[in-house]
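Student: Quick one, structure for this:
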Amino acid sequence: MDDQNKNLILATALSFIVILVWFVLFPPPEPQVQPEGTRTEQGEVTSATPGTADPVAGAPTSIATNEETRAAAIEDSPRVPIATDRLTGSISLIGGRIDDLSLKDFRVSIEPGAEIVTMLSPAGSTDAYYALYGWAAGAGLDPEAVPGPNTEWTLAEGESLSTETPVTLQWENGAGLTFERRIAVDADYMFTVTQTVTNASGETVSVAPYGIIARHGEPSDSKNFFILHEGVVAMADGELSEIDWDDIPEFEIEAREGVPAQRIENATNGWIGFTDHYWMATLIPDQASPTRLTTKYLPRSDIYQTETVLPTQSVAPEASVSVTTRLFAGAKEWEKIRAYQEDGVDRFVDSIDWGWFFFLTKPIFWLLHELNLLIGNMGIAIIVLTLIIKAILFPLAYKSYVSMAKMKELQPQMEKLKEQAGDDRQKLQQGMMELYKREKVNPAAGCLPILLQIPIFFSLYKVIFVTFELRQAPFFGPFRDLSAPDPTSIFNFFGVLPWGSPEPGTIMALIFIGILPLLLGISMWLQQKLNPAPTDPTQQMVFAWMPWVFMFMLGGFASGLVVYWIANNTITFIQQYTIMRSHGHKPDVFGNIRKGLSRKAKTETK
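Tutor: Residues are numbered from 1 along each chain as shown. A predicted model of the protein is given here:
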């Protein structure tokens with residue numbers, strides 16, 4: 001076997017192994033199964049002195065479940081409407097919770113009439129998910145003297161929350177303390193919550209402001225993919241921390257052993273919350289104020305919780321104290337999150353899961369995003385991005401192809417060395433090395449471009465799978481969501497026959513592939529035909545099966561990734577053909593195809 005074929009086999013085998021491992025670790029998304037509705041009844045929550053215990057033992061506890069719709073859960077409490085161009089929902093006066101929020105710009109699917117995306121839901125509904133704020137009683141102050149998660153507030157100012165009209169909630173404890181909560185919202189997804197305590201009790205009181213985001217149970221649509229982080233995301237003093245859903249319950253075990261929860265004490269430039277695939281709810285305290293960031297799990301009620309606790313405030317008689325925090329609740333749109341970062345939220349862009357190769361995923365996403373804005377079609381933007389990546393790697397590709405051409409020229413000398421060396425492999429290797437050195441040929445150069453493209457491929461897959469901008473991004477015709485697998489199928493002859501395609505994620509869908517995976521296999525097959533088939537039978541078999549194995553393996557991946565792979569193969573074919581012609585070798589593509597078909601026919605005849 002000559003070294004050129006060895007390089008080809010090595011490169012192909014490496015690519016196959018990488019794709020196989022990737023396919024096992026990161027399988028295509030399975031169809032989401034919607035669970036039946038559940039209801040979580042509200043229970044009492046106690047407060048404690050800040051600095052000695054958690055300010056809130058938990059959000060409303062889950063002590064029973066029954067079927068009840070989200071609408072019925074919303075009707076259980078008096079409410080203040082939320083109405084902006086991008087948001088709709090309401091604030092519960094019980095606890096003053098922001099617990100009913102939907103995103104008007106986004107639908108749960110691309111099907112006509114699909115419902116808008118629900119972001120937050122009240123206790124009593126499926127996947128209850130809400131934010132609440134309050135004050136923890138300091139030393140010497142009765143916990144009943146401060147409002148809790150089940151306190152009923154009154155609407156003191158405003159009729160509904162909009163970008164132009166904030167609302168103010170109020171509660172008096174009957175002992176001289178008046179609590180106000182002013183809630184405002186911007187044109188996108190950021191709420192500003194200002195909490196004020198006015199002391200007319202005649203004595204100095206100590207209270208600590210806190211914020212909580214609570215989720216009842218792990219989200220039913222959590223994907224649990226290794227490539228995608230879902231769960232808690234937090235930033236403290238410039239350091240990002242991520243906790244997967246599966247790891248959060250460990251904090252309850254730690255609590256039983258004396259560690260109250262996962263805590264970051266006296267964090268500045270901090271924020272904490274829950275992140276899903278495309279959505280996020282995050283508590284953002286004053287960036288300059290030292291804050292305690294906490295993650296905890298409440299096993300009895302199956303509640304996942306993140307908290308921010310600000311320093312204890314001392315309120316003198318006839319004085320008032322105000323604390324302002326923010327709440328992000330919405331889509332992880334890169335432009336919006338970056339704007340909030342520029343507005344002072346430290347490293348907020350890192351709330352998007354850029355992965356291990358962040359130094360590649362960030363610039364790749366930025367370039368893809370800008371190309372999409374310029375072109376107006378994400379599929380075409382992916383193709384143009386591929387052209388740019390191939391142009392950047394072209395010097396390496398050129399060097400690789402030239403090295404392979406030189407290796408081919410050295411073939412007669414290498415055969416002569418083999419004859420001279422006989423069975424002495426050490427002598428053969430020494431002769432080969434001297435030949436390579438004399439002719440200035442690097443036998444490993446042919447693999448370098450492929451090895452360099454592996455992290456780029458991973459990064460692009462990460463960008464396509466994780467970032468919000470690829471969600472439901474259309475290409476053309478039936479390809480209306482580049483973040484989803486190819487919707488076409490051989491099963492119904494790509495939509496011509498009067499029956500539907502197999503359900504995505506099933507074995508049938510994997511077997512009856514669509515147009516894009518088929519084009520992927522053909523593009524890989526044509527790329528092989530630039531060179532004659534190797535004479536070794538084992539090599540012939542590997543090369544013959546490789547395109548079609550890749551075709552089925554990648555068939556269930558996101559359409560955007562398959563578009564990239566097809567474009568990459570096509571551009572590589574053109575590059576290699578051009579370079580080979582420039583070195584005096586005219587690839588006989590059609591001749592190689594005929595030889596391959598005739599060889600197959602002879603084999604079948606035998």
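Student: Doesn't Arg438 belong to a helix?
Tutor: Yes - Arg438: assigned to a helix according to DSSP: H, G, I helix; E, B strand; the rest coil.
Student: tell me, how many neighbours does it end up with?
Tutor: The local packing of Arg438 (other C-beta atoms under 10 Å) involves 10 other residues. C-betas here are computed from N, CA, C, even on glycine.
Student: burial count for the closest residue to Val232 other than its chain neighbours?
Tutor: Nearest residue to Val232, sequence neighbours excluded (C-beta to C-beta, 6 or more residues apart in numbering): Ile243, at 4.1 Å. Using other C-beta under 10 Å, Ile243 has 20 neighbouring residues.
Student: how near is Ile243 to Ile264?
Tutor: From Ile243 across to Ile264, the span is 12 Å (C-beta to C-beta, to the nearest Å).
Student: what touches both of these two?
Tutor: Ala234 (C-beta atoms under 8 Å, 6 or more residues apart in numbering).
Student: Give the burial count for the closest residue to Asp76 other than its chain neighbours, as a bare number.
Tutor: The shortest distance from Asp76 to any non-neighbouring residue, by C-beta to C-beta, 6+ apart, is to Gly124 (6.3 Å). Residues within reach of Gly124, counting by other C-beta under 10 Å, total 27.
Student: Can you classify Gly124 by secondary structure?
Tutor: coil.
Student: tell me which element the residue nearest to Val232 falls in.
Tutor: Assigned by DSSP states H and E, Ile243 belongs to strand 239-244.
Student: Can you tell me the element Leu371 falls in?
Tutor: Element membership for Leu371, per DSSP H and E: helix 358-375.
Student: Quick one: mean pLDDT for the next helix or strand after that helix?
Tutor: Scanning forward in sequence from helix 358-375 by DSSP H and E, the next helix or strand is helix 378-409. On average, the pLDDT along helix 378-409 is 83.
Student: Remind me what helix 378-409 packs against, helices and strands.
Tutor: Judged by 3 or more C-beta pairs under 8 Å, 6 or more residues apart in numbering; DSSP states H and E, helix 378-409 is in contact with helix 3-25, helix 358-375, helix 448-466, helix 559-582.
Student: Which elements pack onto the next helix-or-strand element following it?
Tutor: Later in the chain than helix 378-409, the nearest helix or strand by DSSP H and E is helix 411-421. Using 3+ C-beta pairs under 8 Å, 6+ apart, the elements in contact with helix 411-421 are helix 425-439.
Student: Which positions within the helix it packs on qualify as buried?
Tutor: Across helix 425-439, burial judged by 16 or more other C-beta atoms under 10 Å covers 428, 431-432, 436.
Student: Show residues contacting it.
Tutor: Contacts with helix 425-439, where a contact means C-beta under 8 Å, 6+ apart, come from 3, 406, 410, 413-414, 417-418, 420-421, 441-443.
Student: Also stretch 336-356?
Tutor: Contacts of stretch 336-356 (C-beta under 8 Å, 6+ apart): 188-190, 227-229, 233, 235, 238, 240, 242, 269-271, 275, 280, 282, 284, 287, 326, 328, 330, 332, 334, 361-362, 365, 458-459, 462, 466-468.
Student: ok now it, how far from the chain's centre?
Tutor: 14 Å (C-alpha atoms, centre = their mean, to the nearest Å).
Student: what does stretch 102-111 give?
Tutor: Using C-alpha atoms, centre = their mean, the offset of stretch 102-111 from its chain centre is 18 Å.
Student: Compute the first-to-last residue distance for it.
Tutor: 18 Å (C-alpha to C-alpha, to the nearest Å).
Student: Check stretch 248-266 too.
Tutor: For stretch 248-266, the end-to-end distance is 21 Å (C-alpha to C-alpha).
Student: average pLDDT for that stretch?
Tutor: On average, stretch 248-266 scores 69.
Student: Relative to Ser92, how far out is the residue nearest to Asp76?
Tutor: Gly124 sits 11 Å away from Ser92, going by C-beta to C-beta.
Student: One more: Ala114?
Tutor: 27 Å.
Student: Of these two, give the one with the bigger neighbour count.
Tutor: Ser92 (23 against 11).
Student: pretty sure Val207 contacts Ala136?
Tutor: Yes - Val207 is within contact range of Ala136, at 6.6 Å (criterion: C-beta atoms under 8 Å).
Student: what is in contact with those two at once?
Tutor: Common contact partners of Val207 and Ala136 (C-beta under 8 Å, 6+ apart): Val146.
Student: Point out where the stretch 251-400 of the chain drops to low pLDDT.
Tutor: Scanning the stretch 251-400 of the chain with the threshold set as pLDDT under 70 gives 252-261.
Student: Mind doing that once more with 50?
Tutor: By pLDDT under 50, the stretch 251-400 of the chain has no low-scoring segment.
Student: And the strands in it?
Tutor: 262-267, 271-275, 279-284, 291-298, 303-309, 313-315, 319-331 (DSSP state E, counting those that start in this stretch).
Student: Quick one: list the elements packing against the last one.
Tutor: The reference is to strand 319-331. Secondary elements touching strand 319-331 (3+ C-beta pairs under 8 Å, 6+ apart): strand 98-107, strand 116-120, strand 129-137, strand 190-199, strand 205-216, strand 279-284, strand 313-315.
Student: Please export the C-alpha coordinates of it as CSV.
Tutor: Once non-C-alpha atoms are left out, strand 319-331 reads as follows in CSV (Å, rounded to 0.1, in the frame of the first residue of the first chain):
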residue,chain,number,x,y,z
ALA,A,319,-36.7,56.5,56.9
SER,A,320,-37.0,54.3,53.8
VAL,A,321,-34.6,52.1,51.9
SER,A,322,-34.9,51.0,48.2
VAL,A,323,-33.1,48.2,46.4
THR,A,324,-33.3,47.7,42.6
THR,A,325,-32.7,44.4,40.8
ARG,A,326,-33.5,43.1,37.3
LEU,A,327,-35.1,40.0,35.9
PHE,A,328,-34.4,38.7,32.4
ALA,A,329,-37.1,36.4,31.1
GLY,A,330,-37.2,35.6,27.4
ALA,A,331,-35.4,34.3,24.4
